[in-house]
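1. A structural model of the following input is requested.
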Amino acid sequence: MQPSIVLFLAGIVAVANASYDAMQPRSNVYSNTVFSGTSCTGSSTSFVAADGHSCTTIPGGADSMLVDNLGGCSTNFFQSTDCSGAPTHIADANDCVGFADGSRLGSYTTDC
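-> Prediction:
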């Protein structure tokens, strides 16, 4: 069974499912924000992940995503909601990303 971490920060819900022991100290912390509009505009939801591998479904999808902090992690985003199909790698924090053809983002992976 994989542990789940749920954080409530100033009205923002952050969820990450990862394969790690919840009692171990963390060396990497990753965070991103997904947006309902293109160019990282519109309503937003933030997510946080720590050490391990996770596949996170973006509820309802998103039009764009901003990685606030890579924190030593690698991340990819997908059109699918289960992190399958062709990944698009995010190399830098603070870059607004999305699909050029207007497809919605359905999920993303983090590896820390």
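2. run me through the strand neighbours of the strand ranked longest in the chain, direction for each.
-> If you go by DSSP state E, the chain has its longest strand at strand 53-62. Strand 53-62 has the following strand partners under DSSP bridges: strand 105-111 (antiparallel).
3. how far out from the middle of the chain is the partner strand?
-> A distance of 5 Å separates the centroid of the chain from that of strand 105-111, by Cα atoms, centre = their mean, to the nearest Å.
4. show residues contacting it.
-> Residues outside strand 105-111 that contact it (Cβ atoms under 8 Å, 6 or more residues apart in numbering): 16, 18, 30, 32, 34, 49, 53-58, 61-65, 73-83, 87, 98-99. All C-beta atoms are positioned from the backbone trio N, CA, C, and that covers glycine.
5. thinking again about what came up before, would you mark the buried spots in the longest strand of the chain?
-> Neighbour counts over strand 53-62 (16 or more other Cβ atoms under 10 Å) mark 53, 54, 55, 56, 57, 58, 62 as buried.
6. ok, now stretch 73-81?
-> 73, 75, 76, 77, 78, 79, 81.
7. so the second one sits against residue 30, correct?
-> This means residue 75. Yes: under the criterion of Cβ atoms under 8 Å, residue 75 makes contact with residue 30 at 6.8 Å.
8. anything in contact with each of those two?
-> With Cβ under 8 Å, 6+ apart, residue 75 and residue 30 have common neighbours 67, 110.
9. before we move on, the earlier item: redo the buried residues of strand 53-62 as CSV? Include pLDDT and distance to residue 110.
-> Output for the buried residues of strand 53-62, formatted as CSV (pLDDT from 0 to 100; distance: Cβ to Cβ, whole Å):
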residue, pLDDT, distance to residue 110
53, 92, 7
54, 92, 5
55, 96, 9
56, 94, 7
57, 95, 13
58, 95, 13
62, 97, 16
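10. need the max-distance pair from those.
-> 53 and 62 (20.9 Å; Cβ to Cβ).
11. nearest residue to residue 27 other than its sequence neighbours?
-> residue 51 (6.3 Å; Cβ to Cβ, 6 or more residues apart in numbering).
12. mind checking pLDDT for that neighbour?
-> The model reports residue 51 with a pLDDT of 83.
13. burial count for it?
-> 22 (other Cβ atoms under 10 Å).
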